[in-house]
Every structure is written in C-alpha cells, then in structure tokens.
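*Asks:* here's a sequence, model it:
(2 chains)
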Amino acid sequence: MSRTLALLLSPGPAVPPALPVSPWPGSGSRAADQTLARGDGQAAASPPALAVLPAPPPDEAALRCAALAGDAASWSALIARYNHKVVVSVLARGVPLERAKEIAQETWLRLIENQRAGRLQELVLPGLAIVQAGYLAANARRSASRDERAQDERAHTVAAAAHAAAPVPPEEHAIGRQRLAQLERALATCPTGARRVFEFVYAHPELTYDELARELQLSAQRVKQIVCEVRKRLRAALLECEP
Amino acid sequence: MSTRHITDEERALYVIDGLASPAREQLEQHVMSCPDCAAALADEARFELLLHELPPPPVAAPAPVVALPQPFADPEPPPLRASMRRRWEVRSVWALAAAAALLFWVKLSPNGGPSPARRTAPEPHDAIVAAEQSLTPPSQGPELLACNLETASQCSWGPAPGALVGSVSLISLPIAEMELDNASESGSSVCDAPEAVACSGRSQTCGP
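*Replies:* A predicted model of the protein is given here:
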C-alpha cells in the first residue's frame, strides 16, 4: 500500500453515521443481476453446496457498512480483498503491471476521498473500484499531466459511471456476443461438477478462495485447480473459433 | 529477476488471484522486465474480464408444486363421487324399504319368519296357509323379531334359495357398504346403526 493511501487510511477524526449498504457487490455492471439470477437452487451431488447466497457474507456486509462510515480498518480489509481484481482489470486495458498497481492505489484513494466528502452513498465492490480504475486508466492515456487529472478530481466518480454506461460500438458488441456464445457452448461441454464450481466462483467475486472452498466444501487448492482447468478449456475453444 | 518465462497455468493462477505471495511477487518481478510475459499476462487479464461477462446459467425451474391429494385440493367431491353417492342414496332407500317390508312380514308371520324348510320355494298350498296365518294379529312382535334374527343367525352357510331372504341379503349388501361409506365419512362405527346390525347379521349368516 502506498504511503499516501496509508496516511489516508489512518483513523479519521469523526465517523459519520452509517449509510445504507448496497445489496450485493459485483464485478461489473451486470454482476449484481447475474448474482441474483444465478440461483439454480439445485442441490448438486458434487459439490454438495451450490446454493447462491442471498446476501453477502456477514463480515463482508459489516466491512462495507463500516467503510462507508469511515472506518479505516474496514477500508484496509476491503482493499486487501479486492485490490488484485482491480489490478487485473487495469492490466486488461494494456497498462503495464507497475502502472496498473499505481492506478489501483489511486482508485482506492478516490473512493476514500469521495466517501469522506459524503459523495459515496453505497459501496458496490469490486464493481465500483473496477469502473473507477477503468476511468483512471483511460484518463491516464488521454492526459499525460497529473495536474489535468487533479482538475477533474471532483467529477471523477460521476464521469466514471458515465464512462461505464457509454454505448459500445455495434461491431465490437457483435464480436463480443459471438465470443460469449462460443464460451457458453464450451462451458456447456465441461463436466457438470467443474462447471458448477466455475460458475459459482465467477458469480461470487466478493468471496475469497477460502470462503469459496467453504461454501463448495472443497479445498481452496481444488477450487483453484478446477477454475484453471475450465479456463483452459474455454480458452482453447475460443482460439479454435477465432481466425 | 527470474529468467524463466511464466507458464500458462501461472498466468491463470495470477489472474484469478490464486498464487501465494512469494510466487506472485516473483511473477510480477519477471513480468515487469519481460515484455512477452507482460503481453501474455494482459491477454490473460482480458480473457478474465470476458469470463466475467458470461451470462448466468439458466435458472432452474422452480420445483413443481406437488398437487395436494384430492380431498384437500378440492373441497367438493368430484362428479364421479357425487354420482356414486347419489346411487348409494337410492339404493339405501330401496334397502330400507325392503328391510321394513321384511320386518313387517316377520312381525306378521306366526312362526317368526321363514323356517329352514321354507327357504326353498314355497308350495302354493303353503303360500295360502302362510297368507292365512299372516292375517292373524301378532302377539309377540319384538320377541318374534329377536327369535327370527336368532334363527337366521343359525342358518348354515349353504345356498339359501329362499327368495325373500335371498333378495334381502342381496339388497342388504349395499346397505352394509353404504354404512361403511357413511361411517368412514362421519367417523361412526357400522354397528351404531340398528339397520346395519340386522343387515350385517343376515348377510353374514344367509349370504351366498
């Protein structure tokens, strides 16, 4: 954690009253809906526990509530939980790893500043952090000067939401849909148990591997192994259909 | 700095946050100095974002609501059951009428009903005598009824060709079933009804 962020996370003088907590964290704009709709309700034989959680884990909900109230320790815990996902999302934009880490740190800074300024009404993680990081990465490409970014500081969160809601070009949208359809077909060919583990993991980005393993009644190492195997199959299927 | 390039599995594990701290730091150090691995890692990260865009699996249809048994699901009896009930009611009326006629005949008969010899088809002469005797007023009505029931209970299980008794026994069968039906619905015992006692006694002893 950078020095600035560490200073910012030091206990503040006053703690504002608790704000309403967002219903469910998501990794993107569709994640919350996906999570709620992904309840197949089937008691799978292997693994046995695949029920979709109706609400975030109690510690997660308490963390976000306390973070919205300004608790520094809760912010630290949330950053430790979600920072890597933010880094990966920035990496996907072609940003070098070192710069991606900086953007992730800056993302958390923005969120904490907005919370302290009372502009953060709810904390949807990791979706909000990923959107904010995407905006910062795009902004870093557009403007080379840090001073220019400071001028837009107040409008960052609002602009990030607008950026996320920007329409996708039709061609890119069609290609994306084709790739997703190919992935769906490939996923359907995976073994049922592995597919369910994979879907459960991606439906719950807010859970750590230990929590996922507990829910799935598997070891964390086995969960990672299954996810990697399914990813490998999906990637191979995607490469087959692409020229 | 590690000179070994990172493998596909290591890249995947890094992207899904599945690497332990030492391995992750080692990978990051290598990626910062290796453009090829950095590009591969960025590609893996893009694939990860694509996987997050996968639509949710189809929601399983909710478990079908198990239909309640007919008596609970539909408070009114179904048409078939209603017709059956109507049929039993008609039969019971006829059976009660037949039982009343039998009792009346037994009450009027001087010998307390048909003797074992009269179970066969009555001769014309015997029928005339019986008709004459039946005109005499009964002097021992209740006792005769009891006696008749007693004698009826003593009859054998052999064929009972007596027309009257046979017909009563044939009619009494639906009565017994009707009483069973009513008892099952109202919760009362079959033996609570005196008609049922009489009919069951005859059907037991004189039935085919």
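*Asks:* so A:A203 sits against B:P56, correct?
*Replies:* Yes: the criterion here is CB atoms under 8 Å, and A:A203 meets it with B:P56 at 6.9 Å. Bear in mind the C-beta positions are built from the backbone N, C-alpha and C, glycine included.
*Asks:* what's the burial count for A:T192?
*Replies:* A:T192 is flanked by 12 other residues according to other CB atoms under 10 Å in any protein chain shown.
*Asks:* over to the one 5 residues further on?
*Replies:* For A:V197, the count of nearby residues is 27 (other CB under 10 Å).
*Asks:* measure it to B:L54 for me?
*Replies:* A:V197 sits 14 Å away from B:L54, going by CB to CB, to the nearest Å.
*Asks:* more neighbours: A:A203 and B:P56, which one.
*Replies:* Between A:A203 and B:P56, counted using other CB under 10 Å, A:A203 has the larger neighbour count: 25 against 19.
*Asks:* from chain B, how far out is the more buried one?
*Replies:* Counting by CB to the nearest CB, to the nearest Å, the gap from A:A203 to chain B is 7 Å.
*Asks:* what's the helix ranked longest in chain B packed up against?
*Replies:* Scanning chain B for the helix with the most residues, using DSSP state H, yields helix B:79-108. In terms of contacts (3 or more CB pairs under 8 Å, 6 or more residues apart in numbering or on different chains; DSSP states H and E), helix B:79-108 is packed against helix B:124-135, helix B:141-154, helix B:163-186, helix B:194-206.
*Asks:* pLDDT on that helix, on average?
*Replies:* For helix B:79-108, mean pLDDT rounds to 76.
*Asks:* who in chain B is up against chain A?
*Replies:* B:8-9, B:12-13, B:15-18, B:28, B:31-32, B:38, B:41-42, B:45-60, B:62-63 (CB under 8 Å from any CB of the partner chain).
*Asks:* swap the cut-off to 6 Å and go again
*Replies:* When proximity is defined as CB under 6 Å from any CB of the partner chain, chain B approaches chain A at B:12, B:15-18, B:28, B:31-32, B:42, B:45-46, B:48-49, B:52, B:54, B:56-57, B:59-60.
*Asks:* now list the buried members of those.
*Replies:* In the residues of chain B next to chain A, burial by neighbour count holds for B:12, B:15-18, B:28, B:31, B:42, B:45-46, B:48-49, B:52, B:54, B:56-57, counting by 16 or more other CB atoms under 10 Å in any protein chain shown.
*Asks:* quick one: which of the residues you listed sit in helices?
*Replies:* Per DSSP H, these map to helices at B:12, B:15, B:28, B:31, B:42, B:45-46, B:48-49, B:52.
*Asks:* format those residues as TSV; extra columns: pLDDT and distance to B:L103.
*Replies:* Converted to TSV, these look like this (pLDDT from 0 to 100; distance: CB to CB, whole Å):
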residue	pLDDT	distance to B:L103
B:A12	94	95
B:V15	95	96
B:E28	94	107
B:V31	94	108
B:A42	95	104
B:A45	95	99
B:R46	94	99
B:E48	94	94
B:L49	91	94
B:H52	90	89
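*Asks:* for chain B, give me the ranges with low pLDDT.
*Replies:* Counting by pLDDT under 70, chain B has low-confidence residues at B:1-2, B:57-86, B:109-208.
*Asks:* count the neighbours of A:R142 for me.
*Replies:* Neighbour count for A:R142, taken as other CB under 10 Å: 9.
*Asks:* so how far is B:F104 from B:A98?
*Replies:* B:A98 is 11 Å from B:F104, by CB to CB.
*Asks:* between these two, who's got more neighbours?
*Replies:* Between B:A98 and B:F104, B:A98 has the larger neighbour count (other CB under 10 Å), namely 18 against 12.
*Asks:* gap between the more buried one and chain A?
*Replies:* 62 Å.
*Asks:* again with B:V93
*Replies:* 56 Å.
*Asks:* that residue: neighbouring residues, count only.
*Replies:* So B:V93, with other CB under 10 Å, has 10 neighbours.
*Asks:* residues touching it, list them.
*Replies:* Contacts of B:V93 were listed using CB atoms under 6 Å, 6 or more residues apart in numbering or on different chains, and none were found.
*Asks:* could you list the low-pLDDT ranges of chain A?
*Replies:* Judged by pLDDT under 70, the stretches of chain A that qualify are A:1-58, A:143-169, A:242-243.
*Asks:* all helices of it, in order?
*Replies:* Secondary structure of chain A (DSSP H): helices located at A:3-8, A:31-37, A:58-68, A:72-91, A:97-116, A:127-142, A:146-151, A:156-164, A:170-188, A:192-203, A:209-216, A:220-241.
*Asks:* how about JSON lines for those helices, with distance to B:S92 added?
*Replies:* Formatted as JSON lines, the helices of chain A follow (distance: least, CB to CB, whole Å):
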{"stretch": "helix A:3-8", "distance to B:S92": "92"}
{"stretch": "helix A:31-37", "distance to B:S92": "60"}
{"stretch": "helix A:58-68", "distance to B:S92": "67"}
{"stretch": "helix A:72-91", "distance to B:S92": "78"}
{"stretch": "helix A:97-116", "distance to B:S92": "83"}
{"stretch": "helix A:127-142", "distance to B:S92": "75"}
{"stretch": "helix A:146-151", "distance to B:S92": "96"}
{"stretch": "helix A:156-164", "distance to B:S92": "79"}
{"stretch": "helix A:170-188", "distance to B:S92": "65"}
{"stretch": "helix A:192-203", "distance to B:S92": "61"}
{"stretch": "helix A:209-216", "distance to B:S92": "65"}
{"stretch": "helix A:220-241", "distance to B:S92": "71"}
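*Asks:* can you show me the CA trace of stretch A:197-211 as PDB?
*Replies:* Only the C-alpha atoms of stretch A:197-211 are listed here, as PDB (Å, rounded to 0.1, in the frame of the first residue of the first chain):
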ATOM      1  CA  VAL A 197     -17.700 -24.700  -9.400                       C
ATOM      2  CA  PHE A 198     -16.600 -22.400 -12.100                       C
ATOM      3  CA  GLU A 199     -20.000 -20.600 -12.300                       C
ATOM      4  CA  PHE A 200     -20.100 -20.300  -8.500                       C
ATOM      5  CA  VAL A 201     -16.700 -18.800  -8.400                       C
ATOM      6  CA  TYR A 202     -17.500 -16.200 -11.000                       C
ATOM      7  CA  ALA A 203     -20.900 -15.500  -9.500                       C
ATOM      8  CA  HIS A 204     -19.300 -14.500  -6.300                       C
ATOM      9  CA  PRO A 205     -16.300 -12.300  -6.900                       C
ATOM     10  CA  GLU A 206     -16.600 -10.900  -3.400                       C
ATOM     11  CA  LEU A 207     -15.600 -14.200  -1.800                       C
ATOM     12  CA  THR A 208     -12.100 -15.200  -1.200                       C
ATOM     13  CA  TYR A 209     -10.900 -18.700  -2.100                       C
ATOM     14  CA  ASP A 210     -11.100 -19.800   1.500                       C
ATOM     15  CA  GLU A 211     -14.700 -18.700   1.600                       C
END
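*Asks:* how about A:G94, phi and psi?
*Replies:* Dihedral pair for A:G94: phi 80, psi 10, per degrees, to the nearest 10.
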